[in-house]
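Engineer: here are the coordinates; sequence isn't available:
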């Protein structure tokens, strides 16, 4: 799929009478689609009774696809099973934290550690793989569906047994585990592996080291389950590519991506606030951090809703805009969810391209228009990666610590997202990166609050800075080792020499409480959650605390240290959006980070490059026309508006333009 553009729709033949399949498939092809995604919710069709498999329904649909030139992405249907699974084998069910089994009647209610569930999954996937091993219409398989969506924990008896095995493999001896978990505190010491368990409801606070390992364990079981299915499929056909659609709670993205040929994402912009395109761009930036190119297995078409919510309806032009946004960020596949709104079930309000009346509508018309525009893209556009400038480091352990353990951060949570949003709004190229990402080509790397630090990470950052990169570190950097023990050394621990400072004192802040610092340029920096008093060693201060807090005084709040050819900025607090805006403006000036065009915040700007070629994508996310200025000399490939001789381009409401830069 990496060398061609996939344009398609999710179709569920099991939801419709067989008489509707031929006209549906013909209509899908005539709309301009080349692919359908099927199968991931149809376990009750594939195996209506235990061990009895049937294939005719999907065989017939695949034959129709062959007739009309449609490729097929097939899903393994293991996330929602028939009643006989839960009735015959209650041990496959997930249990919640209070140890109540999650009964049949919804989806995502099975646990990945149940030996019986694994057997049932293996048998089902093997039957499908064997039956379709020679089927050339199938080009890819999606593993399961949205791992850990809805419920990202499980506390069934099999989970406890699996956790013990995981701990034994990780620590080898109880002495090592006891040391890692700090069990001498509160007399928690274990003297038998049978005493090890997942967290239970307790009278007060849980062991933080156990909580971190719980999440690591959950992620590893998901990754192992994905590998199990992928291995079965690959054993039956080397032609098939393997993907999965989404990164949900308690799953380590890079580890999951290692099991896949490409990563996929399900994109629903209307879960975000109206107009805040940087919020739903975040998920696309995350997707391309896990594979480039990536795919969209579910692209929002109509309004979406379930029992507890109903999202707003995309306005005319927004569906096209959202599809273009996914492609601009690096998708080489867009499949709309779904072909037709299903009139029953928990997602009867989750609208597809067609409404329940099956008549042509504006959403279908937009899909036709968008598909024709996609065909105008040069092939090398799909290979051209977004240009590099700024990167923000993501880290699974640190995010787990912030979300699950050190929840006192509250107002300061997800600072990495605030940095990404700010850089995006300024039209500066920004990527999400991970510890295994090659940092070559980035001018600026932002690492907010890397409390859990390893020698490997520190070395990577030293190499980046020494070679000429600029690094930004946030408060509490280097506080913990990878066991979540507080380091017994002057803070910022392993970052002390790199940052060129020591932490003299610190304090938390309540709720909306803030402390202000001021840059040497005069710009104000308001911080919340947690602030530090810095003592420079080799670093130089560039911002100082202001106000009457005696703990902080007028001491340094932000410093810069020269290391090799690069520099390290240390920010002694959790940065509000206003602080990030002011700090990034300072960094952009110092590093000469300039946007490729001049445009309002309502316009999203992306530049992609392939060799000497550069492509510029401009997207207007507002309901009013927008003018973009200082556009470089370019040739329009597709989209709205025409570039004037003075470098100005007018984008209509929700307009999109793709330009090849001369």
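Structural biologist: Yep, that arrived. Please read all numbers here as calculations on a predicted model, not as lab measurements.
Engineer: Enumerate every residue touching the nearest residue to residue 174 once chain neighbours are set aside.
Structural biologist: Closest residue in space to residue 174, ignoring its immediate chain neighbours: residue 190 at 5.7 Å, by C-beta to C-beta, 6 or more residues apart in numbering. C-beta here means a position set from N, CA and C on the backbone, and glycine is covered the same way. When contacts are counted by C-beta atoms under 8 Å, 6 or more residues apart in numbering, residue 190 touches 174, 177, 178, 183, 196.
Engineer: Repeat the analysis, applying 10 Å as the threshold.
Structural biologist: 167, 174, 175, 177, 178, 181, 183, 196, 197 (C-beta atoms under 10 Å, 6 or more residues apart in numbering).
Engineer: which residues of the stretch 401-550 of the chain fall in strands?
Structural biologist: Under the criterion DSSP state E, counting those that start in this stretch, strands of the stretch 401-550 of the chain are mapped to 430-433, 444-447, 470-474, 501-508, 514-519, 524-536, 540-545.
Engineer: and what of the stretch 51-200 of the chain?
Structural biologist: 71-75, 138-142.
Engineer: Check the stretch 201-350 of the chain too.
Structural biologist: Using DSSP E, counting those that start in this stretch, strands in the stretch 201-350 of the chain cover 241-243, 264-267, 294-300, 305-306, 309-310, 331-337.
Engineer: picking up where we left off before, now tabulate the strands of the stretch 51-200 of the chain in TSV and tack on distance to residue 414 and mean neighbour count.
Structural biologist: What follows is these, written out as TSV (distance: least, C-beta to C-beta, whole Å; neighbours: other C-beta atoms under 10 Å):
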stretch	distance to residue 414	mean neighbour count
strand 71-75	31	24
strand 138-142	28	23
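Engineer: Am I right that residue 628 sits in a helix?
Structural biologist: No. The assignment for residue 628, made by DSSP: H, G, I helix; E, B strand; the rest coil, is strand rather than a helix.
Engineer: residues of the longest helix anywhere in the chain that come out buried?
Structural biologist: The helix that spans the most residues within the chain, counting by DSSP state H, is helix 208-236. Across helix 208-236, burial judged by 16 or more other C-beta atoms under 10 Å covers 208-230, 232-234, 236.
Engineer: Stretch 101-112 too?
Structural biologist: Judged by neighbour count using 16+ other C-beta under 10 Å, the buried positions of stretch 101-112 are 101, 102, 104, 107, 108, 109, 110, 111, 112.
Engineer: what bridges to the residue lying closest to residue 515 once chain neighbours are set aside?
Structural biologist: Nearest residue to residue 515 in three dimensions, chain neighbours excluded: residue 531, at 4.9 Å (C-beta to C-beta, 6+ apart). Judged by DSSP bridges, the bridge partners of residue 531 are residue 507, residue 573.
Engineer: Quick check, residue 531 in contact with residue 474.
Structural biologist: No. At 11.3 Å, residue 531 and residue 474 do not qualify as touching, with contact defined as C-beta atoms under 10 Å.
Engineer: shared neighbours, these two?
Structural biologist: With C-beta under 10 Å, 6+ apart, residue 531 and residue 474 have common neighbours 572, 573, 574.
Engineer: now, among those, which is nearest to residue 516?
Structural biologist: When the shared contacts of residue 531 and residue 474 are compared for distance to residue 516 (C-beta to C-beta), residue 573 wins out at 9.8 Å.
Engineer: Give me the pLDDT value at that closest one.
Structural biologist: With respect to pLDDT, residue 573 scores 98.
Engineer: And for residue 512?
Structural biologist: Residue 512 carries a pLDDT value of 88.
Engineer: Now for it, how many residues are close by?
Structural biologist: Counted with other C-beta atoms under 10 Å, the neighbours of residue 512 add up to 8.
Engineer: For stretch 87-102, measure first residue to last.
Structural biologist: 12 Å (C-alpha to C-alpha, to the nearest Å).
Engineer: Next: stretch 599-613.
Structural biologist: Distance between the two ends of stretch 599-613: 22 Å, counting by C-alpha to C-alpha.
Engineer: Ok, stretch 237-244 next?
Structural biologist: End-to-end distance for stretch 237-244: 18 Å, by C-alpha to C-alpha.
Engineer: And stretch 22-40, what's buried?
Structural biologist: Neighbour counts over stretch 22-40 (16+ other C-beta under 10 Å) mark 24-25, 27-29, 31-40 as buried.
Engineer: what's the answer for stretch 517-527, then?
Structural biologist: Result for stretch 517-527 [16+ other C-beta under 10 Å]: buried residues 517, 518, 519, 523, 525, 527.
Engineer: Can I get the residues you listed in a markdown table including distance to residue 88 and pLDDT?
Structural biologist: Converted to a markdown table, those look like this (distance: C-beta to C-beta, whole Å; pLDDT from 0 to 100):
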| residue | distance to residue 88 | pLDDT |
| --- | --- | --- |
| 517 | 63 | 98 |
| 518 | 68 | 98 |
| 519 | 66 | 97 |
| 523 | 66 | 96 |
| 525 | 61 | 98 |
| 527 | 57 | 98 |
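Engineer: out of these, who's nearest residue 16?
Structural biologist: residue 527 (56.0 Å).
Engineer: For residue 53, give me its contacts.
Structural biologist: Contacts of residue 53 (C-beta under 10 Å, 6+ apart): 45, 46, 47, 123, 124, 127, 128, 130, 131.
Engineer: Can you turn the buried part of these into a PyMOL selection?
Structural biologist: PyMOL command restricting those to the buried ones, with burial defined by 16+ other C-beta under 10 Å:
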select buried, resi 45+46+47+124+127+128
